[in-house]
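K.L.:
Sequence and predicted structure below; questions after.
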Amino acid sequence: MGSRLVAGVLATGAAAGIVANVIITSRITASRGVPLPVTEWVYMVVALLMPALGWLLATRRPELRYGWLLLVCALFLGMGLTGTVLAIAGAAPRWLTAPLSSVLAAFYGLNWIFVPLLFPEGRLPSRRWRAFAWISGIAIALHAIGLMLGGAVAREPLRVLESPLALVGVLSAAAGQFITWIMAPIGLCGLVLRLRRSARVERRQYAWMVGGVTVSLLGGVAQLVFMTRAPMLALLGTVAMTGALPVAIGVTVVRHRLLDIGIGIRGSRLHLIFDVRPTVDEVLSDLGTALEDAHEPAEQLGRVAGAVRAALEATWAAVTLADGTRVVAGRQEGPATLTVPVHGGLGRIECGPRGVGGLTRVDRRLLEALAVPAGLAIQSAGLATRLVNAQEAERRRIERNIHDGVQQQLVALIAGLELARSTGASPDMLAHLREQARQTLADLRELAAGIHPSALSQGGLVEAVEERCSRLPVRTTVTSDPGLRARRFADEVEGAMYFTVNEAVANALKHAGAATIEVGLSHAGGRLRATVADDGKGFDPGATGRRGLATLSDRLDALGGGLDLDSSPGKGTRVKAWVPVDG
């Protein structure tokens with residue numbers, strides 16, 4: 001909103017100065033009985049192209065400097081024209097007209113040097129042009145300051161030697177103007193070199209700019225040559241000098257999609273439509289809404305890839321995860337033109353060439369901005385995938401335990417009962433069958449405890465952890481905060497913490513060879529915490545990973561919590577888990 005306001009003020013000021021110049025000139029000529037030439041009105045229309053084009057670029061692409069450059073250039077033009085016509089008419093004091101008129105020098109310099117030099121994104125072509133830009137800027141400043149100082153004797157040039165300040169001003173203006181006229185052709189030659197080195201699509205854009213600069217410079221020469229000899233030709237030269245560059249830029253905007261702005265005609269009637277690529281904020285806003293509506297991980301990645309393709313108008317775009325999962329929007333042909341990694345090494349975003357034109361630095365900045373929501377979508381997709389895989393692995397484990405354990409025991413028990421019924425069971429056989437039934441019941445309870453222990457459902461987290469640790473073959477202590485035993489939490493929270501403790505204890509027994517295990521449960525600061533420490537042999541987490549804790553870490557992440565692992569060879573292991581809870 002702020003950039004739009006500033007752009008509107010600059011464009012309005014420039015347009016007001018240009019229109020005021022023509023209105024004041026028309027009144028002067030009317031008072032002398034001389035009609036204002038039609039070329040003056042044509043000049044006003046042509047001159048208004050620059051503030052209009054600058055406003056369009058500055059409001060639609062405020063991150064670029066080029067639109068702002070055109071607005072400043074147009075503002076100097078309007079101010080300079082107003083000051084010049086007021087000075088000629090004697091309608092304002094010289095302390096006002098001299099500074100206003102002097103900014104025309106800044107307009108000439110910006111128009112001939114910096115507008116083509118910074119084409120099309122408002123940046124120097126390379127660092128080698130820095131000296132050229134500095135010299136040109138100093139020359140333009142000397143020209144403008146010299147005109148302002150010499151303005152006090154503009155009507156009486158023969159008295160210039162009587163004022164040292166005015167003499168300095170005249171010499172500075174002459175030196176600045178001379179250097180400006182030298183630097184302008186040098187800048188044009190640099191533009192021609194960029195034209196020859198550019199790609200085929202960009203070459204047409206540079207060709208229009210080369211033509212515009214050439215016509216503008218020739219118009220400036222005609223203005224100086226015919227100023228006193230042929231006023232009409234001088235006026236035509238002024239029109240060409242002022243309007244050539246805006247027209248060239250306007251053509252590249254409309255025809256060659258400069259800065260991603262185009263104009264088209266749609267519908268059954270004649271409708272003029274600005275087809276402008278959305279800004280970064282607009283793309284992120286639309287993408288955020290799209291990701292909220294997409295619930296499946298693959299669909300979220302597809303939305304990201306589609307947003308990248310649409311925003312950059314690329315032939316294709318893809319989001320690739322670190323594990324090789326890849327979602328492509330469009331039809332991929334050839335290698336990627338632009339690739340941006342997603343923060344944290346989660347993956348990367350790729351896009352192919354654009355349908356029209358090439359990808360620019362602005363496109364890279366847009367892609368880097370999209371990498372943030374892409375990273376969130378990749379994290380969500382990866383977490384969901386790991387949870388699904390973990391659930392599938394758990395389902396198969398339970399199925400395998402039932403098939404290989406309880407099911408076989410039940411089959412054997414049924415066969416024994418059938419045998420006892422047909423042969424007449426002896427006391428020893430009945431005792432054996434009873435023991436077999438008890439063992440099957442114990443195995444079923446153990447299997448059910450692996451799914452969701454009854455102690456956890458009935459007594460809560462502390463009681464379930466104490467029951468689990470009471471059956472361990474090593475010395476194990478369980479400590480908890482006062483009052484935590486009576487607290488109950490959501491089923492998914494208690495389940496995640498219980499199985500984290502269970503897995504950490506199992507790892508301490510199976511892999512660490514621990515002789516002592518300490519389990520701590522606490523609740524503070526809105527977090528429920530569990531700590532499992534052992535005196536086992538420890539290991540290097542970077543070399544072996546988290547063993548069986550990876551799935552539990554994903555489960556905690558899904559609840560907004562986390563898991564930390566601290567271990568080293570010979571120093572035991574400490575597992576810390578936490579989840580956010582209310583109260």
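P.N.:
Cool, the structure landed.
K.L.:
can you count the residues close to Phe105?
P.N.:
That one is not Phe; residue 105 is Ala. Neighbourhood size, Ala105 [other C-beta atoms under 10 Å]: 25. Backbone N, C-alpha and C define where each C-beta goes, glycine included.
K.L.:
Then Arg127?
P.N.:
Neighbour tally, Arg127, other C-beta under 10 Å: 7.
K.L.:
just Asp564 next, same as before
P.N.:
As a burial measure, Asp564 scores 11 neighbours (other C-beta under 10 Å).
K.L.:
now it: how far from Gly525?
P.N.:
From Asp564 across to Gly525, the span is 16 Å (C-beta to C-beta, to the nearest Å).
K.L.:
Could you do Ile18 as well?
P.N.:
Taken as C-beta to C-beta, the span from Ile18 to Gly525 is 65 Å.
K.L.:
Leu245 too?
P.N.:
Distance from Leu245 to Gly525, by C-beta to C-beta: 63 Å.
K.L.:
Of the two, which one has the most company?
P.N.:
A direct count of neighbours by other C-beta under 10 Å for Leu245 and Gly525 places Leu245 higher, at 26 against 8.
K.L.:
from memory that one sits against Leu110, does it?
P.N.:
No - between Leu245 and Leu110 there is no contact, the gap being 10.0 Å when judged by C-beta atoms under 8 Å.
K.L.:
ranges for the strands of the stretch 401-550 of the chain?
P.N.:
For the stretch 401-550 of the chain, the strands defined by DSSP state E, counting those that start in this stretch occupy 475-480, 516-524, 527-534.
K.L.:
Point out the most buried one among the ones you listed.
P.N.:
Scoring the strands of the stretch 401-550 of the chain by mean neighbour count under mean count of other C-beta atoms under 10 Å gives strand 527-534 as the most buried, with a mean of 21.
K.L.:
what sits up against that one?
P.N.:
Residues from elsewhere that reach strand 527-534 (C-beta atoms under 8 Å, 6 or more residues apart in numbering): 461, 465, 489, 493, 497, 500-501, 504-505, 508, 512, 514, 516-523, 561, 572-581.
K.L.:
Can you find the helix or strand of the protein with the lowest average pLDDT?
P.N.:
Least confident element among the helices and strands of the chain, by mean pLDDT, DSSP states H and E: strand 272-276 (a mean of 48).
K.L.:
Can you pull out the low-pLDDT segments for the stretch 101-250 of the chain?
P.N.:
151-163, 199-201 (pLDDT under 70).
K.L.:
how does it look with 50?
P.N.:
Low-confidence segments of the stretch 101-250 of the chain (pLDDT under 50): 153-155, 158.
K.L.:
my guess is Asp535 contacts Ala514, does it?
P.N.:
Yes - at 5.6 Å, Asp535 and Ala514 qualify as touching, with contact defined as C-beta under 8 Å.
K.L.:
of those two, who's got more company?
P.N.:
Ala514 (24 against 18).
K.L.:
Make sure the more buried one is actually in contact with Gly538.
P.N.:
No - applying C-beta under 8 Å, one finds Ala514 not in contact with Gly538, separated by 9.7 Å.
K.L.:
okay, and the common contacts of the two?
P.N.:
If you check Ala514 and Gly538 against C-beta under 8 Å, 6+ apart, the residues they both contact are Gly572.
K.L.:
Determine which residue lies closest to the centroid of this structure.
P.N.:
By C-alpha atoms, centre = their mean, the chain has its centre lying nearest to Ala369, at 1.1 Å.
K.L.:
Tell me where the model's unsure across this structure.
P.N.:
In the chain (pLDDT under 50), the answer is 153-155, 158, 265-266, 268, 270-273, 275.
K.L.:
domain parsing for it?
P.N.:
Domain ranges of the chain: 1-92, 93-197, 201-268, 280-381, 389-449, 460-580, per automatic domain parsing.
K.L.:
Tell me the secondary structure at Arg123.
P.N.:
Under the three-state scheme (DSSP: H, G, I helix; E, B strand; the rest coil), Arg123 adopts coil.
K.L.:
Could I get the phi/psi values of it?
P.N.:
Backbone torsions of Arg123, given as degrees, to the nearest 10, read phi -130, psi 150.
K.L.:
Surely it is in contact with Phe114?
P.N.:
No - Arg123 is not in contact with Phe114 according to C-beta under 8 Å; the separation is 11.4 Å.
K.L.:
which one of those two has more residues nearby?
P.N.:
Neighbours were counted for Arg123 and for Phe114 using other C-beta under 10 Å; Phe114 has more, 21 against 14.
K.L.:
element containing Gly137, please.
P.N.:
Applying DSSP states H and E as the criterion places Gly137 in helix 130-150.
K.L.:
For Glu368, which non-adjacent residue is closest in space?
P.N.:
Once flanking residues are discounted, Glu368 sits nearest to Val340: 5.5 Å by C-beta to C-beta, 6 or more residues apart in numbering.
K.L.:
So which residues of the stretch 101-250 of the chain form helices?
P.N.:
For the stretch 101-250 of the chain, helices defined by DSSP state H, counting those that start in this stretch occupy the ranges 115-117, 130-150, 164-197, 200-225, 231-255.
K.L.:
helices or strands up against the first one?
P.N.:
Pointing back at helix 115-117 there. With contacts defined as 3 or more C-beta pairs under 8 Å, 6 or more residues apart in numbering; DSSP states H and E, helix 115-117 has these neighbours: helix 66-89, helix 130-150, helix 164-197, helix 200-225.
K.L.:
make it 7 Å
P.N.:
In terms of contacts (3 or more C-beta pairs under 7 Å, 6 or more residues apart in numbering; DSSP states H and E), helix 115-117 is packed against helix 66-89, helix 164-197.
K.L.:
now, of those, which is deepest in the fold?
P.N.:
helix 66-89 (a mean of 23).
K.L.:
can I get the CA coordinates of it in PDB?
P.N.:
C-alpha atoms of helix 66-89 as PDB (Å, rounded to 0.1, in the frame of the first residue of the first chain):
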ATOM      1  CA  TYR A  66      13.100   0.300 -13.100                       C
ATOM      2  CA  GLY A  67       9.600   1.600 -12.600                       C
ATOM      3  CA  TRP A  68      10.800   4.000  -9.900                       C
ATOM      4  CA  LEU A  69      13.600   5.200 -12.200                       C
ATOM      5  CA  LEU A  70      11.000   6.100 -14.900                       C
ATOM      6  CA  LEU A  71       8.900   7.900 -12.300                       C
ATOM      7  CA  VAL A  72      11.800  10.000 -11.100                       C
ATOM      8  CA  CYS A  73      12.700  10.700 -14.600                       C
ATOM      9  CA  ALA A  74       9.200  11.800 -15.400                       C
ATOM     10  CA  LEU A  75       9.000  13.900 -12.300                       C
ATOM     11  CA  PHE A  76      12.200  15.800 -13.300                       C
ATOM     12  CA  LEU A  77      10.700  16.300 -16.700                       C
ATOM     13  CA  GLY A  78       7.500  17.800 -15.300                       C
ATOM     14  CA  MET A  79       9.300  20.000 -12.800                       C
ATOM     15  CA  GLY A  80      11.800  21.200 -15.500                       C
ATOM     16  CA  LEU A  81       9.100  22.100 -18.000                       C
ATOM     17  CA  THR A  82       7.100  24.000 -15.500                       C
ATOM     18  CA  GLY A  83      10.100  26.000 -14.300                       C
ATOM     19  CA  THR A  84      11.200  26.800 -17.900                       C
ATOM     20  CA  VAL A  85       7.800  28.100 -19.000                       C
ATOM     21  CA  LEU A  86       7.400  30.100 -15.800                       C
ATOM     22  CA  ALA A  87      10.800  31.600 -16.400                       C
ATOM     23  CA  ILE A  88      10.000  32.500 -20.000                       C
ATOM     24  CA  ALA A  89       6.700  34.100 -19.000                       C
END
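K.L.:
Let me see the residues that make contact with it.
P.N.:
Here helix 66-89 makes contact (C-beta atoms under 7 Å, 6 or more residues apart in numbering) with 7, 10-11, 13-18, 20-21, 24-25, 28, 47, 50-51, 53-55, 57-58, 61, 92, 97, 100-101, 103-104, 106-107, 110-111, 114-115, 118, 120-122.
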